[in-house]
Structure formats: C-alpha cells, structure tokens
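any chance you can model this:
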Amino acid sequence: MESPFKSDVLKGKVALLTGGASGIGLEISTQFGKHGASVALMGRRKNVLDSAVNVLRSLGIRAIGLEGDVRKQEDAARVVDSTIKHFGRLDILVNAAAGNFLVEPENLSPNGFRTVMDIDSVGTFTMCHEALKYLKKGGPGKGPSCGGIILNISATLHYTASWYQIHVSAAKAAVDSITRSLALEWGTDYDIRVIGIAPGPISDTAGLSKLLPEEMRSSIEHMPRFKFGEKWDIAMAAVYLASDAGKFVNGTTVVVDGGHWLSRPRYISKEEVKKLSRVVERRSRITPTGVPSSKL
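You can find the predicted model right below:
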C-alpha cells in the first residue's frame, strides 16, 4: 500500500534493527529505507540476513547485515560499533528480535522460560545499553541537543492473560517496563525518546503461524472486523514514531491491533441479548418478596 508519509521523512537517519531481516522487522527495515533511512540488520542467521539485504538493496535502500545474538553483550557491542563504522552515526534502534512458542506452564522448562526472557527482555536492554553512547545528545555523530530514538517491539499478551504464553507475557511485560524506565531516565538525561509498539495478530508472520496455527483460526470470528493486521500497519506506526511527527510521544507503548486485545468471545447472539434484557428488566421490577414494586 502507498505510504501516507513523505518519502524523505527519515532522510539522513541511520537505523539498527534487531530481528530486522524477517517478519515485522523486515517490513520496518523496508519502510524505513523507503522513507530515506539507511538500515543495519542484526540477526543470527547469515543466509536470512544476506537475503534481506539483497532485497533492500534492490529497492535502492542502503543496507547492511550484521551477524550477532542479542543475548551476548560482546555481539551487541560489535554490531553497534560496526553500524557506526559503516554509516558514521546511529539515530534509531529498533528491538524486534523475539522468541516464542506455544506451551503449557507445567510443560515449560525453566531453561525455556529463561531463553525467551533473555532474547526479548535482556536482549532489549543489552542493545539499548550498548547503543547509548551513540544515541544520546552530543554523542558521536550527534548535535549538542539532538538525541536518538529507541523503538521496542512488544505485544498485548500480558495486558490481561494469554493461554500457553506465560514466558512471552512475562518477557514483554519486562520490555514495556524497560520502555517506561528508559524514557524517564534517558529522556531526561540524554534527550532520547523510547517508545514501544505492541502488534496484534499480524498475517504472514512466523509468530502468527506459531501462536495461531490453522487449527486454531476459528478464534478470528471474535476479532473486530474479522481480519488480521498487516506488517505494513506496524511499519507505518514505526515510521510515524521515528519521524518528527512523533516527536512528542515518549515512554508509552502504542497498541496496533485493530482493538483485538479488547475483544472477548460473543457468548450469545444479539437476538438473545434483546430477549434476555427484556426478561431481566421485568424481573428487576419485582421485589425480593415477589411483590411488584408498584404495589409497595
């Protein structure tokens, strides 16, 4: 779809994206590039990185791929430094790397729980920590009063509770807390904006195929407008937040899910609701003694 933003809204910016070579991360990388930014993609699989970089370059986007694991501080430092070495600056950090799978709590090992926490929450903080010196105002490649932007990709699973997602719910709750804390402290001290994006169910992603396989898709009937979101929706939110249009947004996590997290199964039909409401209304006019209130 055509972007509502000007093609140069991110001109001259450099973005580093963990998990930026596939799924939602790749779409954000693509849209950042189409709007003028240069992008560095971080991931563990060289073949996936190479493929993504080739696609981006075919679109005329300045892009590089850097192998690394967000769970390892030495990898995080090396990737951040390599981005600076190649592009000369860093303006935007997007933490999109994540791990997920369906599992009952009683069958989830502590190691499995820890792995997701390490990728999603510890990895997010590690990347922020290593990028700080380049993102803060007055940092290398920065003007004296210009700070960078951090976008943390979260989820809505932990807003209430989600079946078979205790590990990811815990990890994303931590990510949201990191977003708020860094926005407070780094926003005050270094003029860095830190914002989260919480996608809902997004079509054609590995996350959706893992968490909502075809066998479970009947739940789509309970979603507003009966449709999934698109990766483009998340990328447009990211472009907005990373641009000057979002300059007064800080410390919050923006939900982009079509209102899905608010939805609940419709237990009875509208017709049944009308019938029941009339019954309940008539019942409410009778006192506990069985005497109509008008006779009292």
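
when you work out contacts or count neighbours from here on, use the C-alpha atoms and nothing else.
Fine.

show the average pLDDT along stretch 249-266.
Across stretch 249-266, pLDDT averages out at 83.

mind checking how far it is from the chain centre?
11 Å (CA atoms, centre = their mean, to the nearest Å).

kindly state the domain boundaries assigned to the chain.
What automatic domain parsing lists as the domains of the chain is 14-265, 268-296.

and among these, the most buried is which?
Highest mean neighbour count among these (mean count of other CA atoms under 10 Å): domain 14-265, with a mean of 19.

output the domains of the chain in a markdown table, with distance to residue 1 appended to each entry.
A markdown table is the format used below for these (distance: least, CA to CA, whole Å):
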| stretch | distance to residue 1 |
| --- | --- |
| domain 14-265 | 8 |
| domain 268-296 | 35 |
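
mean pLDDT for those domains: which is lowest?
Minimum mean pLDDT among the domains of the chain: domain 268-296, a mean of 61.

what sits against residue 240?
By CA atoms under 8 Å, 6 or more residues apart in numbering, the contact list for residue 240 reads residue 246.

what strand or helix carries it?
helix 231-242 (DSSP states H and E).

helix or strand right after that helix?
Remark: after helix 231-242, the chain's next helix or strand is strand 253-256, criterion DSSP H and E.

dump that next one to PDB, keeping only the CA atoms.
The C-alpha coordinates for strand 253-256 follow below in PDB (Å, rounded to 0.1, in the frame of the first residue of the first chain):
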ATOM      1  CA  THR A 253       3.700   1.500  24.100                       C
ATOM      2  CA  VAL A 254       1.400   2.100  21.200                       C
ATOM      3  CA  VAL A 255      -1.000  -0.800  20.500                       C
ATOM      4  CA  VAL A 256      -1.500  -1.500  16.900                       C
END
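
for it, name the packing helices and strands.
strand 193-199, helix 231-242 (3 or more CA pairs under 8 Å, 6 or more residues apart in numbering; DSSP states H and E).

now these in a markdown table, with distance to residue 86?
Formatted as a markdown table, the helices and strands packed on strand 253-256 follow (distance: least, CA to CA, whole Å):
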| stretch | distance to residue 86 |
| --- | --- |
| strand 193-199 | 24 |
| helix 231-242 | 21 |
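
so where do the strands sit in this structure?
For the chain, the strands defined by DSSP state E occupy 14-18, 38-43, 63-67, 92-95, 149-153, 193-199, 253-256.
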